[in-house]
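>>> Sequence and predicted structure, then a few things I'm wondering about:
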Amino acid sequence: MFRRNTRRGNYAYTVTRVKAKKSQLIKEEEYNKMLLMALPEISRYMSESGYQKEMSELAGRMSGIDLVEYASYLNMSRVFTSILKASEGELYTMVSAYLEKWNIWNVKMILRGKSFGLDEKSIKEDLVPAGSLKEAHLDKLLSLSTVEEILTEYSRMDSVNIPSDLIAAYMGTSGGLAVIEDYLDKFKYARLLQAIVPDSRPTLMFQDYVRREIDLVNFSTIMKLKAEGIYGEANVMEYIIPGGKQIDRRTAAQLANIESVSAVSSEISQMDFYEAVKPLLDAPVVSIRAIESALKRYEMERAKKFSHMNPLSVAPVIDYMIHKETEISNILAIARGIQSGLDTDVIKGLLVI
């Protein structure tokens, strides 16, 4: 749980640091070069770039796609941790709260890995210890065998109250983790919003930013369910995360009740992300993957504008973190795509640039 911090953040210092880091992110032309490389060449390219330290550390015990994946996540967790350590006052509180999402990511990865019968090493390659749960905490969770044991220990570590009836419901089913993952996602945003005390301009802006992020998550969820033929309040509202800015409970119910994907367009015409997805919703065949990519690009542009409008606030920090997360996602898409033998154009379509 986060405590209210009455000290003003050291915005000038931290923003200067993240701006320097942002200038080092991989550019579009560099992605184009990587698309033409074999996997060993990508490893070598990363070893000569900002991932040099992690690649050198891990090269003796990993290779191929494992090395690229683990080094990428390790680099990101170290970068985010360094930003958190450099932050002070209310800025520290906001950055710390934002990074808590990686706790949820890690718990979900461990639960999924265990349910698929993966070994600890394989699961660990997908973990990002950028939140309050560090490597020792994650190793402890990895050492546990059952979902019940993992959730009980995680609840203790991170002061999370996971209802016992939720775990009991999971134990009584065929093993689907969706109900637990949905709970964790809602908890993530509930605690983030709770951590933000909107009593200053920076914290007020951050609260608004997070609520609009919830809008994008909920819209994406509604569209994915609709594409699977799932619609109607009774079937959709249980997946909606409370706290959105434009998509409140009433609007979410209206969108949920629309039967087809293509009919959604007119209902969201007043929302700020409408133009980003309109051409895709109006297309003869609606691609949910394309909509998700468009929403990610919109989120990046929104973070950039948010940063430019509020240069001495938490905005540039969040902007950088979103771009760094996207860089990791793009690197992994290229590496995994090349390993799988996908066509270059197909891989490029997976990138968010």
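Received, thanks.

>>> Please count neighbours and contacts with C-alpha atoms only from this point.
Will do.

>>> Show me the helices in the stretch 51-200 of the chain, by range?
Ranges of helices in the stretch 51-200 of the chain, per DSSP state H, counting those that start in this stretch, are 52-58, 64-86, 89-99, 101-115, 120-124, 135-143, 147-158, 164-171, 178-195.

>>> Lowest average pLDDT across those helices?
Between these, the lowest average pLDDT goes to helix 164-171, which shows a mean of 79.

>>> coming back round to it: closest one to residue 38 among the helices of the stretch 51-200 of the chain?
Closest to residue 38 of those is helix 64-86 (Cα to Cα; 10.1 Å).

>>> ok, back up a step: now, of the helices of the stretch 51-200 of the chain, which is deepest in the fold?
Scoring the helices of the stretch 51-200 of the chain by mean neighbour count under mean count of other Cα atoms under 10 Å gives helix 89-99 as the most buried, with a mean of 22.

>>> what comes into contact with it?
By Cα atoms under 8 Å, 6 or more residues apart in numbering, the list of residues contacting helix 89-99 from outside reads 2-11, 80, 84-85, 87, 130-132, 191-192, 195-196, 203, 313-314, 317-318.

>>> Recalculate using a threshold of 6 Å.
The contact list for helix 89-99, computed with Cα atoms under 6 Å, 6 or more residues apart in numbering, reads 5, 7, 8, 9, 131, 192.

>>> okay, those in CSV with distance to residue 66 next?
As requested, those are exported to CSV (distance: Cα to Cα, whole Å):
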residue, distance to residue 66
5, 40
7, 42
8, 42
9, 38
131, 22
192, 32
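
>>> Looking at those residues, which are in strands?
Of those, none are assigned to strands by DSSP state E.

>>> between these, which is nearest residue 54?
Comparing those against residue 54 with Cα to Cα picks out residue 131 as the nearest, at 18.8 Å.

>>> what residues are up against the closest one?
Contacts for residue 131 (Cα under 6 Å, 6+ apart) come out as 99, 100, 102, 103.

>>> ok, now how distant is the first one from residue 143?
Distance from residue 99 to residue 143, counting by Cα to Cα, to the nearest Å: 24 Å.

>>> Okay then, goodbye and thanks.
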